[in-house]
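Q: fold the stuff below for me.
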Amino acid sequence: MAKLKTGRHTSAIKAHRKSERLASRNRGVHARIHDAAKEFDGLIAKKDVENAQKLLPKVHALLDKAAKTGTIHWKAAARRKSRLALRIKTAVQITNNK
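A: Modelled structure (predicted):
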């Protein structure tokens, strides 16, 4: 790393480093949420409701942790959790009606 100049420029460089670290961490969290949601959707599409019900709390936990750390907004997490719960509810109703 090059020698830092003194003054406000120094803090700007440090802030930029910090923002890159946080962005990298947030990308990983987003990826885990995305992958879990895709897996959940795949189970719903295959009508594998039992395994989807087992996976749902794990997806909810990922969303809650992301909201707690500020990676996603808490209302966005709540909305996504609600939509996932609605999908499993309709899948259960469809399987029970057959």
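Q: burial measure for residue 80, as a count.
A: For residue 80, the count of nearby residues is 19 (other C-beta atoms under 10 Å). The C-beta positions use only the backbone N, C-alpha and C, and glycine is treated the same way.
Q: for it, list the residues it contacts.
A: Residues counted as contacts of residue 80 (C-beta atoms under 8 Å, 6 or more residues apart in numbering) are 37, 63.
Q: likewise residue 33?
A: Contacts for residue 33 (C-beta under 8 Å, 6+ apart) come out as 59, 62-63, 66, 72.
Q: of those, closest to residue 93?
A: Nearest to residue 93 among those: residue 59, at 19.9 Å, using C-beta to C-beta.
Q: quick revisit: in JSON lines, list the contacts of residue 33 along with neighbour count, secondary structure and pLDDT.
A: JSON lines is the format used below for the contacts of residue 33 (neighbours: other C-beta atoms under 10 Å; DSSP: H, G, I helix; E, B strand; the rest coil; pLDDT from 0 to 100):
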{"residue": "59", "neighbour count": "20", "secondary structure": "helix", "pLDDT": "97"}
{"residue": "62", "neighbour count": "20", "secondary structure": "helix", "pLDDT": "97"}
{"residue": "63", "neighbour count": "24", "secondary structure": "helix", "pLDDT": "98"}
{"residue": "66", "neighbour count": "21", "secondary structure": "helix", "pLDDT": "97"}
{"residue": "72", "neighbour count": "19", "secondary structure": "coil", "pLDDT": "96"}
